[in-house]
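Engineer: Quick one, what's the 3D model for this:
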Amino acid sequence: MRPAESEHHIPVCCVVCGSEADKPYWDCGEYRFVRCRRCGHVYQNPQPSFEDLEARYADEYFTYELENDERFFDLMIKGLSDIEFEQRVAALAPRSFLDIGCATGMLPAHFARLGFSAEGVELCEPAARYGRERRGVPIFIGTLEQAAFPDASFGVLHASHLIEHLRDPAAFLRECRRIIAPGGYLVLVTPDTYGLQARLFGARWRSAIADHLHLFGRRNLSRLLNDCGFFVEEQRSWGGLAAGIAPDFLKRPIDRAAKRRNFGDVMLLLARPGSGSST
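Structural biologist: Alright, predicted model coming up:
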């Protein structure tokens, strides 16, 4: 969504390594991305305040999510299928699933049908209310930190296309570490700056949008996960070229190659609680 002219912007440092030294990277007009001089992380600097970000996720965002419900759900299921997720969690205890940034609750409703105790967290109030009322999913309206779930209460945490929207991804991952049960799974899906499309299109990349405050490469996201008390068990990617960029006879083989050789536009990281720092 287009940022409002009245938004307040605040300078930030690199969330991955803490450095304040950055250099201009992608100028997108109303907002800009920088690259950390120390670790290479790409992020917006300055960034809008949390209050201004929260205001973006209202009726217009709800309409967008509702119109794309089925498509986004299918993509999430395909990603989980790639890592044989249902087989991995077949004997998991506790059998509890939390979808963070759950939109209208289609994914937790699916896992509830599979026998999980499934809940959601969603900042967009109209979307959360839709999921509660139409799909019967318990959804907390707000952020994960505001939800204040008990320690070690979920066997599975899932966050698809969420972490890039957050002002403080490290605080989010530390909270994930606190509420995940021993032996549980964290699934993160987010755009990958190491992917082919990011390298080809730069500031014109489809993920270089105003709502994406952080654009991770797989190495830096793995590093951040480790620093927050996780280890990455598996990493996959998909999406060689976006629809409409190239004719199908060219797009299809590039998409297959991106998935097979792991240079896709979007990455999935499967992480588990480990011995890394969570403070």
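Engineer: All the strands of the stretch 101-250 of the chain, residue numbers only.
Structural biologist: Secondary structure of the stretch 101-250 of the chain, counting by DSSP state E, counting those that start in this stretch: strands at 117-122, 139-141, 154-160, 180-191, 214-215, 230-238.
Engineer: These: which one's closest to Arg129?
Structural biologist: strand 139-141 (7.7 Å; CB to CB). C-beta: built from backbone N, CA, C; applies to glycine.
Engineer: Partner strands of the closest one, with direction?
Structural biologist: According to DSSP bridges, strand 139-141 forms sheet pairs with strand 117-122 (parallel).
Engineer: my guess is Cys14 contacts Tyr43, does it?
Structural biologist: Yes - if you go by CB atoms under 8 Å, Cys14 and Tyr43 touch, sitting 7.0 Å apart.
Engineer: any shared contact partners between these two?
Structural biologist: Overlap of the contact sets of Cys14 and Tyr43 (by CB atoms under 8 Å, 6 or more residues apart in numbering) consists of Cys36.
Engineer: Tell me where the stretch 151-279 of the chain has helices.
Structural biologist: Along the stretch 151-279 of the chain, counting by DSSP state H, counting those that start in this stretch, helices occupy 169-179, 196-201, 218-227, 248-261.
Engineer: Quick one: list the elements packing against the second one.
Structural biologist: Right, the one you point to is helix 196-201. Applying 3 or more CB pairs under 8 Å, 6 or more residues apart in numbering; DSSP states H and E, we find helix 196-201 packed against no helix or strand.
Engineer: Show me where the stretch 151-279 of the chain dips below the pLDDT cut-off.
Structural biologist: Along the stretch 151-279 of the chain, the model assigns pLDDT under 70 to residues 275-279.
Engineer: can you redo the helices of the stretch 151-279 of the chain as a markdown table with mean neighbour count and distance to Glu133?
Structural biologist: Formatted as a markdown table, the helices of the stretch 151-279 of the chain follow (neighbours: other CB atoms under 10 Å; distance: least, CB to CB, whole Å):
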| stretch | mean neighbour count | distance to Glu133 |
| --- | --- | --- |
| helix 169-179 | 21 | 25 |
| helix 196-201 | 17 | 37 |
| helix 218-227 | 20 | 35 |
| helix 248-261 | 14 | 37 |
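Engineer: Include distance to Arg37 when you put those into JSON lines, please.
Structural biologist: Shown next, in JSON lines, are these (distance: least, CB to CB, whole Å):
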{"stretch": "helix 169-179", "distance to Arg37": "19"}
{"stretch": "helix 196-201", "distance to Arg37": "19"}
{"stretch": "helix 218-227", "distance to Arg37": "13"}
{"stretch": "helix 248-261", "distance to Arg37": "29"}
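Engineer: Can you check which of the ones you listed gets nearest to His110?
Structural biologist: That would be helix 169-179 among these, by CB to CB, at 20.7 Å.
Engineer: Show me what that closest one is packed up against.
Structural biologist: Contacts defined by 3+ CB pairs under 8 Å, 6+ apart place helix 169-179 against helix 144-147, strand 154-160, helix 218-227, strand 230-238.
Engineer: I'd like the ones you listed as a markdown table, with distance to Leu250 appended.
Structural biologist: A markdown table is the format used below for those (distance: least, CB to CB, whole Å):
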| stretch | distance to Leu250 |
| --- | --- |
| helix 144-147 | 40 |
| strand 154-160 | 28 |
| helix 218-227 | 25 |
| strand 230-238 | 17 |
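Engineer: closest one to Pro138 among the ones you listed?
Structural biologist: Relative to Pro138, the nearest member of the helices and strands packed on helix 169-179 by CB to CB is helix 144-147, separated by 10.7 Å.
Engineer: what's the closest non-adjacent residue to Gly264?
Structural biologist: Ser237 (3.3 Å; CB to CB, 6 or more residues apart in numbering).
Engineer: contacting residues around the one you found?
Structural biologist: Asp192, Gly195, Arg218, Ala258, Lys259, Asn262, Phe263, Gly264, Asp265, Val266, Met267, Leu268.
Engineer: pretty sure the fifth one is in contact with Asp265, am I right?
Structural biologist: Spelled out, that is Lys259. No - counting by CB under 8 Å, Lys259 stays clear of Asp265, with 10.4 Å between them.
Engineer: Show me the common contact partners of these two, please.
Structural biologist: By the contact definition CB under 8 Å, 6+ apart, Lys259 and Asp265 are jointly contacted by Ser237, Trp238, Gly240.
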